[in-house]
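*Asks:* the following block contains a protein sequence and its predicted model.
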Amino acid sequence: MTGDRALAELRDSHHRVDADRWDDIYVVGDVHGCLPALERLVDRIDPDDDTLLVVVGDLVRKGPDSHGVVEFVRERDNVVSVRGNNEAKVIRGDKQVPGLTGADRAYIESLPHAISWDGHLVVHGGVDPRKSLGDHEPGELLTMRSLVPDGSYDRPYWFEEYADSPRVFFGHTVLAEPYESAGAVGLDTGCVYGGELTAYHVGSGEFRTVEPEETYRERSDDSIVSPRTVH
């Protein structure tokens, strides 16, 4: 099942965007509390009121200012986000994040697992190309990476096998460089680990990036994925 019929299957925790409302749409990678990088990226994009920014989740944890990032997103009418696995950890009480207010937590709990518009789908982790969207559990959309059972960093990765519609924008998997194919666009370039914060302009297909001011967390090379070149 492809296209809008497939998106209709995501009945639970799915926010549908009216793309006609916006002149431009950008999708932004995992922020992880890196507020200065987010502010500089948004300054570089220089959005007006008719430009929508959609974040792939993981607004919080690991970086220095989770509250600032959540506040930045929730106070702007033209910025939205899906839920990431780190938001899920906060909701379940698995992780405590200093500085989050009651309003921050309420906003985090309101985040959908998916946002879509006109043949485009934003989720945090990804989708399994071996089954329909309607057969996915919400948790799969947050954590999908490898298609090998219990093989988080074993190939094949879902996005290297996915060539369907809708086109899926995702984070979660830290990439050495942004990933783009006809079916998927990967945007987690490891800002909190000293990589870049990346955005993708849906209209032009151009990436916009900024470098963080510092590295807040170390990450081993074997958990940073070098995507296969798509021809």
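*Replies:* Received, thanks.
*Asks:* gap between Leu52 and Arg105?
*Replies:* Using C-beta to C-beta, to the nearest Å, Leu52 is found at 24 Å from Arg105. Every C-beta, even on glycine, is put in place using the N, C-alpha and C of the backbone.
*Asks:* between those two, who's got more neighbours?
*Replies:* Taking neighbours as other C-beta atoms under 10 Å, Leu52 and Arg105 compare with Leu52 leading, 23 against 15.
*Asks:* sec struct for that one, please.
*Replies:* strand (DSSP: H, G, I helix; E, B strand; the rest coil).
*Asks:* who's in contact with it?
*Replies:* Val17, Arg21, Trp22, Asp24, Ile25, Tyr26, Asn78, Val79, Val80 (C-beta atoms under 8 Å, 6 or more residues apart in numbering).
*Asks:* what's around the nearest residue to it once chain neighbours are set aside, how many residues?
*Replies:* In this structure, Leu52 finds its nearest non-sequential neighbour in Trp22, 4.3 Å apart by C-beta to C-beta, 6 or more residues apart in numbering. Here the number of neighbours of Trp22 (other C-beta under 10 Å) works out to 20.
*Asks:* equivalent analysis for the one 4 residues further on, please.
*Replies:* Using other C-beta under 10 Å, Tyr26 has 23 other residues around it.
*Asks:* rewinding a little: export the contacts of Leu52 to JSON lines and append columns for distance to Thr209.
*Replies:* Listed next are those as JSON lines, based on distance: C-beta to C-beta, whole Å:
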{"residue": "Val17", "distance to Thr209": "24"}
{"residue": "Arg21", "distance to Thr209": "27"}
{"residue": "Trp22", "distance to Thr209": "22"}
{"residue": "Asp24", "distance to Thr209": "17"}
{"residue": "Ile25", "distance to Thr209": "17"}
{"residue": "Tyr26", "distance to Thr209": "12"}
{"residue": "Asn78", "distance to Thr209": "20"}
{"residue": "Val79", "distance to Thr209": "18"}
{"residue": "Val80", "distance to Thr209": "21"}
